[in-house]
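In: Need the 3D shape of this:
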Amino acid sequence: MTTPDSSGAGGADVYPPASPSPSDTELLATLFELGREVTSVLDLNELLEKIPQLISRLTAFTVFSVYLIDDKKGDLRIAYAVGYPEEVVKNFRLEVGQGVVGTAVAEQRPILVGDVRSEPRWMGVIENVQSGLAVPLLHKAKVLGALNLQSDQKDAFTGRDVAMLRQFAAHVAQAIVNARLFESQHEYSTTLETLASIGHEMSAILDLDELLTRVAHLVKRLIAYRTFGIALLDEATGLLEMKTAISYGDAQAMAPVKLGEGLIGYAAQQKEFVLVPDVSKDSRYINAVTDVRSELVIPLLVKDRCIGVFDLESPELDAFSKKHVELLTLLASQAAVAIENARLYEALRDNEVRLEREVRFAQRVQMALLPQELPKKLKGVDVAWHFAPARELGGDIYEFLSPEPNMLVVAVGDVSGKGVPAALYSSFVGEVIRGRTYRRRYMPERSSPAAVLTSANRILNERQLEEYYCTMCYAVFDLKRRVVTLANSGLPYPVHVSDGAVEQVVQAGVPLGSFAGSTYDETTVDLLPGDVFVFASDGISETFNAVGEEFGSDRVMATTLEYRDKTADEIVAAIFGAMRAFRLDAEQNDDQTVVVVKISSDLSKDTKDTKG
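Out: Purely as a prediction, here's the structure:
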């Protein structure tokens with residue numbers, strides 16, 4: 001049996017626990033409890049802060065730090081520390097294999113130092129430290145970093161501490177992986193929602209100067225840039241003219257660039273993005289702004305035609321990543337359409353009277369195409385809805401279908417943009433949804449919410465209407481089985497009130513028509529008598545008042561909870577009433593749709609009567 005080396009010269013590879021004793025049994029129980037506690041934390045910062053608190057219940061220490069490997073640089077940084085000077089935490093870095101901590105990471109084994117004076121690898125970052133213990137954080141044979149405990153007493157840590165902390169470190173490593181995964185999924189979902197929100201906002205602005213200024217500020221929500229510009233191509237002169245340029249938050253004037261010259265000219269001519277980690281090493285770079293070290297240029301494409309570019313610059317090397325390219329490419333496609341729409345609007349001002357007359361007729365057609373009543377008299381459910389377009393025509397859509405008795409399909413969607421294109425696109429989406437729901441004959445396995453959205457997404461993407469996409473929630477209320485099954489492609493989460501409690505049915509999804517291979521998940525919720533479901537487009541929650549405050553999902557939930565005992569019509573009216581009272585005289589900037597489904601207080605009797 002190998003025992004720990006209390007001399008501090010690196011310790012041993014194996015630290016077997018002593019024979020069981022009451023104190024060991026109690027410690028093992030504590031370890032099990034701490035493992036469950038640490039793996040339940042999904043916020044990384046909260047997790048790191050909690051680790052030393054939990055370790056203190058296993059052993060005593062004077063100072064503590066958690067080192068994590070920097071995925072980009074490959075070295076170790078202090079992610080959290082107790083008892084360290086702020087400057088050390090901020091600036092101290094270790095190479096893997098350097099010092100006791102770096103060696104523990106490199107060799108993937110704990111290192112126990114009983115006396116730091118006899119350990120040549122010891123790095124005296126903190127004064128008055130006499131002993132230490134470094135334990136690597138391992139997850140599936142991959143090292144994430146290390147726990148580093150230090151004490152002002154010699155031989156403060158024992159072999160039993162090593163064994164217990166090695167087990168605890170495994171829980172910590174798993175918790176870090178979980179927290180990072182949760183953070184990544186949350187960031188992905190938030191990014192999609194932000195892109196959808198930005199797309200809606202851009203599509204609503206038809207004044208070109210206002211649009212370009214707003215786009216510059218919207219990009220800031222996705223990428224923290226130092227200098228940003230939007231250059232538009234003048235096809236007559238072949239010049240890229242910088243219409244909007246912001247540096248350090250202030251507007252700047254920049255000279256035009258010929259098509260094909262410089263990084264922006266090259267991107268526009270070749271119709272492809274340009275990502276340069278170090279501009280000093282790229283011969284195409286034109287030094288127009290001092291201290292620029294890296295640059296990203298994204299072309300603004302409308303189908304196969306380039307109308308301009310996004311240009312981002314940074315004083316840091318390698319400031320932009322492939323992820324930034326993907327985000328800005330999506331945003332650029334929306335911005336290009338918005339810019340074209342703004343230009344078209346300016347060109348069509350002389351035809352305003354004719355256009356208004358045609359739009360008024362299109363509004364009547366759109367309202368005629370939207371459902372006016374439920375497809376049949378369904379017992380066991382009370383349904384109400386209201387649609388308030390921001391302009392004469394809107395991009396919101398709702399459908400009520402009943403492929404079988406005792407079954408109600410509710411589909412609520414929101415097409416990016418507004419006006420005639422969005423209305424036409426929403427009408428097309430409605431036809432697709434109806435076709436996917438019924439097929440030639442109703443087939444539950446092929447007409448599930450996830451299957452319908454997946455099929456609709458494929459059809460919309462195949463039509464190559466890349467300027468637009470549709471967020472949609474598709475819900476199947478099975479009143480016989482008393483369940484509702486939902487799938488979502490980016491619409492604000494539905495609100496569910498049941499037994500006096502309110503929550504959102506959280507389910508992320510990619511907007512329809514955005515990506516060819518997108519698939520969707522399903523959520524099934526039991527139906528209870530009196531349950532209320534609210535489906536609303538983001539025009540409700542993203543309503544702003546005169547001082548810029550947002551109505552928000554919380555107010556939708558609160559209003560629904562307050563009026564849960566009312567009829568579906570009254571709940572719809574209450575939500576719109578609360579929203580309008582909040583907005584007052586502020587302009588309505590987006591289409592607004594609310595659909596309320598309320599389950600009968602005598603669900604079992606109603607469905608039984610229908611069956612009979």
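In: Next, work out how far apart R360 and G394 are.
Out: 14 Å (Cβ to Cβ, to the nearest Å). Quick note: C-beta positions are derived from backbone N, CA and C, even for glycine.
In: do K220 as well
Out: Where G394 is concerned, K220 sits at a distance of 28 Å (Cβ to Cβ).
In: higher neighbour count, the two?
Out: Set side by side, K220 and G394 show more neighbours around G394, with 28 against 13, by other Cβ atoms under 10 Å.
In: Near the closest residue to that one other than its chain neighbours, how many other residues are there?
Out: Nearest non-adjacent residue to G394, counting by Cβ to Cβ, 6 or more residues apart in numbering: D591, 3.8 Å away. Neighbour count of D591, defined by other Cβ under 10 Å: 28.
In: just checking, D591 touches D414?
Out: Yes - the criterion here is Cβ atoms under 8 Å, and D591 meets it with D414 at 6.9 Å.
In: overlap in contacts of these two?
Out: Any residue near both D591 and D414 by Cβ atoms under 8 Å, 6 or more residues apart in numbering counts here, and that gives G395, D396, S537, G539.
In: what's the closest of those to R57?
Out: S537 (49.6 Å; Cβ to Cβ).
In: Could you measure from that closest one over to V597?
Out: S537 sits 16 Å away from V597, going by Cβ to Cβ.
In: Ramachandran coordinates for the closest residue to P492 other than its chain neighbours?
Out: In this structure, P492 finds its nearest non-sequential neighbour in D538, 5.1 Å apart by Cβ to Cβ, 6+ apart. As for D538, its main-chain torsions (degrees, to the nearest 10) stand at phi -70, psi -10.
In: Could you measure from D538 over to A196?
Out: Going from D538 to A196 by Cβ to Cβ gives 7 Å.
In: so what sits against both of the two?
Out: Residues touching both D538 and A196 (Cβ under 8 Å, 6+ apart): T471.
In: Could you list the low-confidence segments of this protein?
Out: 1-28, 31, 186-188, 248-253, 349-351, 353-355, 358-359, 361, 438-446, 603-612 (pLDDT under 70).
In: switch to 50 and redo it
Out: Within the chain, the segments meeting pLDDT under 50 span 1-22, 440, 608-612.
In: Mind naming the longest helix for it?
Out: Determined from DSSP state H, the single longest helix within the chain is helix 159-203.
In: other SSEs contacting that one?
Out: If contacts are counted by 3 or more Cβ pairs under 8 Å, 6 or more residues apart in numbering; DSSP states H and E, helix 159-203 sits against helix 22-39, helix 44-55, strand 131-139, strand 142-151, helix 208-219, helix 322-347, helix 538-541.
In: and the ones you listed as a markdown table, adding distance to A450 and mean neighbour count?
Out: As requested, the helices and strands packed on helix 159-203 are exported to a markdown table (distance: least, Cβ to Cβ, whole Å; neighbours: other Cβ atoms under 10 Å):
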| stretch | distance to A450 | mean neighbour count |
| --- | --- | --- |
| helix 22-39 | 30 | 14 |
| helix 44-55 | 31 | 18 |
| strand 131-139 | 31 | 24 |
| strand 142-151 | 33 | 23 |
| helix 208-219 | 31 | 18 |
| helix 322-347 | 23 | 18 |
| helix 538-541 | 22 | 23 |
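In: quick one: which of those is nearest T190?
Out: Among the helices and strands packed on helix 159-203, if distance is taken as Cβ to Cβ, the winner is helix 322-347, at 11.8 Å.
In: elements contacting the closest one?
Out: helix 159-203, helix 208-219, strand 294-302, strand 305-314.
In: in the third one, what counts as buried?
Out: With burial defined by 16 or more other Cβ atoms under 10 Å, the residues of strand 294-302 counted as buried are S294, E295, L296, V297, I298, P299, L300, L301.
In: I'd say the last one and Q334 touch.
Out: No - under the criterion of Cβ under 8 Å, L301 is not in contact with Q334, lying 11.1 Å apart.
In: tell me, what's touching those two both at once?
Out: By Cβ under 8 Å, 6+ apart, no residue touches both L301 and Q334.
In: Now do the phi/psi pair for L584.
Out: Note on L584: its backbone torsions stand at phi 50, psi -120 [degrees, to the nearest 10].
In: How many residues are close by it?
Out: When neighbours are counted by other Cβ under 10 Å, L584 comes out with 8.
In: was I right about it contacting A546?
Out: Yes - the criterion here is Cβ under 8 Å, and L584 meets it with A546 at 6.3 Å.
In: Pretty sure E356 sits in a strand.
Out: No - assessed with DSSP: H, G, I helix; E, B strand; the rest coil, E356 is helix; it does not lie in a strand.
In: mind checking how far it is from E235?
Out: For E356 relative to E235 (Cβ to Cβ), the value is 30 Å.
In: swap in D282?
Out: For D282, the distance to E235 - Cβ to Cβ - is 27 Å.
In: The two: which has the busier surroundings?
Out: Remark: of D282 and E235, D282 carries more neighbours, 15 against 11, as counted by other Cβ under 10 Å.
In: give me every residue that touches that one.
Out: Residues near D282 by Cβ under 8 Å, 6+ apart: L263, V276.
In: what are the phi and psi values for it?
Out: According to degrees, to the nearest 10, D282 has phi -120, psi 120.
In: ditto for the one 5 residues further on
Out: Taking degrees, to the nearest 10, you get phi -80, psi 80 for the backbone angles of N287.
In: what about the nearest residue to S498 once chain neighbours are set aside, how many neighbours?
Out: In this structure, S498 finds its nearest non-sequential neighbour in D531, 4.8 Å apart by Cβ to Cβ, 6+ apart. Residues lying near D531 (other Cβ under 10 Å) number 23.
In: give the contact list for D531.
Out: Contact analysis of D531 by Cβ under 8 Å, 6+ apart lists H496, V497, S498, K598, I599.
In: Please report how far it lies from E340.
Out: 45 Å.
In: now D585
Out: D585 is 32 Å from E340, by Cβ to Cβ.
In: next one: L584
Out: Plainly put, L584 is 34 Å away from E340 if you go by Cβ to Cβ.
In: swap in P511?
Out: 20 Å.
In: Report the beta-bridge partner residues of F228.
Out: Note on F228: beta-bridge partners by DSSP bridges are I246, L312.
In: does it really touch L312, like I thought?
Out: Yes - contact status for F228 versus L312: in contact at 5.5 Å, counting by Cβ under 8 Å.
In: Name the residues contacting each of those two.
Out: By Cβ under 8 Å, 6+ apart, the residues touching both F228 and L312 are V219.
In: quick one on the thing from earlier: which residues are in contact with the residue nearest to P492?
Out: By Cβ under 8 Å, 6+ apart, the residues touching D538 are A196, S197, H200, D414, T471, L491, P492, D590.
In: wait, which of these is closest to T454?
Out: T471 (14.9 Å).
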